[in-house]
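Visitor: model the following, please.
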Amino acid sequence: TEFLTALMVSDEDDSDRIVLEINEARSKWIQVLVPDVNESRRHFTYIDKTKIRFGLKAIKGVGDGPIGTILSGREWGNYTTLEDLVQKTGSDVINKKTLDALIKSGAMDTLWERGHMLANMERMAGYLREIEHKTSTKQMDMFDLGEGMTGSGLVLESGAPLSFEEKIREERNAIGMSISGDPLDGL
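Guide: Predicted coordinates:
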């Protein structure tokens, strides 16, 4: 497991090699866990003899800047909601390219369902703009001083959840292969 983890780290810019190495891990009963904004580190990470955590750097469309911001945002604890993620990460992460890649790869699954998040990307960006505007113009009221920006909050609406097949397809686009399941699992 340690050897395969090291191989994945050295090849994380080559999705074809990563696919081969993940398949090799699976053949040896080693589970590669999906990326996660609360658990993943920059690179693939050895968890124990049977588990490797997918690294954020291997997600297509997520650069070093957003990764650093995600990791430093976790210094105050895990991201518990989308609002928490928006507040802690700002425009480094809350932009169309990065959000799209994180959602489709499954890295934000602990926060909400992928289809709902994809439908609310513009709302998240709008909420960030509201926070930045309040901060830049010092228009914070006494309620904003307590537990962070609690003003109007991030208002989300339901979107259509992604089907199992859509999740698998989007994972392939974002990380080169499906980690959370196999297309044949849905049959």
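Visitor: so who does residue 15 touch?
Guide: Listed by CB atoms under 8 Å, 6 or more residues apart in numbering, the contact set of residue 15 reads 58, 60, 175, 176, 177. Where you see a C-beta, it was placed from the backbone N, CA and C, and this is true even at glycine.
Visitor: how far away is the third one from residue 42?
Guide: Computed with CB to CB, to the nearest Å, the distance linking residue 175 and residue 42 is 15 Å.
Visitor: ranges for the helices of the protein?
Guide: 2-10, 15-27, 64-73, 82-89, 96-105, 114-119, 121-137, 164-175 (DSSP state H).
Visitor: out of these, the one nearest residue 54 is which?
Guide: helix 164-175 (7.0 Å; CB to CB).
Visitor: residues contacting the closest one, please?
Guide: 15, 18, 34-35, 54, 58-61, 101, 104-106, 114-115, 162, 177-183, 185-186.
Visitor: now stretch 82-90
Guide: 37, 66, 69-70, 73, 76, 79, 93-94, 108, 111-112, 117, 120, 124, 127-128, 131-132, 148-149, 153-154, 156.
Visitor: just the buried residues from those residues, in PyMOL please.
Guide: A single PyMOL command selects the buried members of these (16 or more other CB atoms under 10 Å):
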select buried, resi 37+66+69+70+73+79+93+94+108+111+112+117+120+124+127+128+131+149+154+156
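Visitor: which residue, other than its chain neighbours, is closest to the residue nearest the centre of the chain?
Guide: In the chain, the centroid-proximal residue (CA atoms, centre = their mean) is residue 107; its distance is 2.9 Å. Sequence neighbours aside, residue 35 is the residue nearest to residue 107 in space, at 4.0 Å (criterion: CB to CB, 6 or more residues apart in numbering).
Visitor: and what of residue 46?
Guide: Per CB to CB, 6+ apart, closest to residue 46 is residue 5, 4.3 Å.
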